[in-house]
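S.K.: coords please:
(3 chains)
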Amino acid sequence: MRLGEGFFGRDVLVVAPELLNKVLVAGGCRGRIVEVEAYGGADDPASHGYRGMTPRTEVMFGPPGKLYVYFTYGMHWCANVVCGADGECAAVLLRALTPLDGVEVMRERRPKARRDRDLCSGPAKLTAALGIDGDHNGADLVSASHGIEIRDDGTPPPAAPTQTGRVGVTRAADRPWRWNVPASPDVSRPS
DNA sequence: CCGCCGATCTTT
DNA sequence: AAGATCGGCGGG
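M.R.: Numbers count the residues shown, from 1 in each chain, chains lettered A, B, ... in the order given. Sure, this is the predicted structure:
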């Protein structure tokens, strides 16, 4: 079943680990979510929304269940699921997937990937593999407005997900807001 | 396998 | 000027 607004409209620290083992569907491909990170708002110095709403972060402050897609390092796209109540700033960064379906298409989109586990093992790798870019900013996952949705296929989240500090952040680096599926070979880095 | 470095450009 | 990254290269 497709996840609905009730799922996303809760505390981001609750939603993030529950997204593990859900299935992301986009661009004719499917992948199982194995790594996520939570980002807050005014309470979180590492968040894009820390200093309030800007044109870039507008979606992060809106209703839950939307996709916040941002451009970084001059060449990469990263995708977040907006959480919490409308007006709050909170989102979950999708950091890695296990490729499930459409692997051939993923390979065409990411010709540099050598092994299957390199296709979606990073936030900008998975967007490239599934064809997600700036056109998908603000997409509604609840109605699959842009052909993107998140599904529960009956696989529960891990009972004891691995929890670490967030990758690549310099501020609030000690906050344990990254979660991944234990022993998954498809995460962005070993934990 | 690991660490370093350059690419590339938007946002602050 | 830094950044929620990636991939190539060199060394162990």
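S.K.: Show me which residues of chain A sit near DNA strand C.
M.R.: Contacts of chain A with DNA strand C, taken as CB under 7 Å from any atom of the strand, map to A:37, A:39, A:46-49, A:60, A:68, A:70, A:72-76, A:78, A:80, A:91, A:93, A:110, A:112-113, A:118, A:122-125, A:166-171, A:188. No exception for glycine: its C-beta is placed from N, CA and C like everyone else's.
S.K.: repeat that for 6 Å
M.R.: Contact residues, chain A versus DNA strand C (CB under 6 Å from any atom of the strand): A:39, A:47-48, A:72-74, A:76, A:78, A:80, A:91, A:93, A:110, A:112, A:122-125, A:167-170, A:188.
S.K.: Which PyMOL command selects the buried ones in the residues you listed?
M.R.: Of these, the buried ones can be selected in PyMOL as follows, counting by 16 or more other CB atoms under 10 Å:
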select buried, chain A and resi 39+47+48+78+80+91+93+110+122+123+124+125+167+169+188
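S.K.: Kindly state the beta-bridge partners for the residue positioned nearest the centre of chain A.
M.R.: The structure's chain A has its C-alpha centroid closest to A:Leu94; by CA atoms, centre = their mean the separation is 1.7 Å. In this entry, A:Leu94 is beta-bridged to A:Val36, by DSSP bridges.
S.K.: thought it was touching A:Ala79?
M.R.: Yes: A:Leu94 is within contact range of A:Ala79, at 5.2 Å (criterion: CB atoms under 8 Å).
S.K.: okay, and the common contacts of these two?
M.R.: Listed as contacting both A:Leu94 and A:Ala79 by CB atoms under 8 Å, 6 or more residues apart in numbering are A:123, A:126.
S.K.: The spatially most distant residue from the centre of chain A and A:Arg107: what is the separation?
M.R.: Distance from the C-alpha centroid of chain A, by CA atoms, centre = their mean, peaks at A:Arg114 (22.8 Å). Note on A:Arg114: its distance to A:Arg107, by CB to CB, to the nearest Å, is 10 Å.
S.K.: same thing with A:Ala91?
M.R.: 29 Å.
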